[in-house]
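In: Provided below are the primary sequence and the corresponding predicted coordinates.
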Amino acid sequence: MALGAGLCVILCIGETLDQREADQTDAVLDRQLLQGLAHVSAETVTRLSLPYEPVWAIGGAGPHAPPSRRGPW
């Protein structure tokens, strides 16, 4: 709806620590992207940002992602 209204949208993707430790990161990100982009047209995709932020690395109390592990790519 936001894209349809002409707004720019941020679609955050990322896995939980349990998913990462189970080696499910790629599957989780694939699912999130497929679902999140399912109804996005080629004309509106330029107004979409896709940051990767693993859930387990958000906040100050839990483990932190070192620079070498901040993305699955």
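Out: Alright, I've got the coordinates.

In: tell me the confidence at the residue nearest in space to the middle of the chain?
Out: Nearest to the mean C-alpha position of the chain, counting by C-alpha atoms, centre = their mean, stands I13 at 1.2 Å. pLDDT for I13: 95.

In: likewise for L7?
Out: So, for L7, pLDDT stands at 95.

In: who touches it in this structure?
Out: Applying C-beta atoms under 8 Å, 6 or more residues apart in numbering, we find L7 in contact with R47. The C-beta positions use only the backbone N, C-alpha and C, and glycine is treated the same way.

In: which phi and psi does the residue nearest to the centre of the chain have?
Out: phi -130, psi 150 (degrees, to the nearest 10).

In: what about the nearest residue to it once chain neighbours are set aside, helix or strand, and which?
Out: Spatially, and ignoring its direct neighbours in sequence, I13 is nearest to Q32 (4.4 Å; C-beta to C-beta, 6 or more residues apart in numbering). According to DSSP states H and E, Q32 maps onto helix 25-36.

In: and that helix, what's buried?
Out: Within helix 25-36, the residues that count as buried by 16 or more other C-beta atoms under 10 Å are 25, 28-29, 32.

In: so what touches that helix?
Out: In contact with helix 25-36 (C-beta under 8 Å, 6+ apart) are residues 11, 13-15, 19, 50, 52, 54, 72.

In: out of those, who's nearest V40?
Out: L11 (8.7 Å; C-beta to C-beta).

In: contacts only, for that closest one.
Out: 36-37, 48-50.

In: one more pass at 10 Å, please.
Out: Residues counted as contacts of L11 (C-beta atoms under 10 Å, 6 or more residues apart in numbering) are 3, 32-33, 35-37, 40, 48-51.

In: from E43, how far out is L29?
Out: As for L29, its distance to E43 is 24 Å (criterion: C-beta to C-beta, to the nearest Å).
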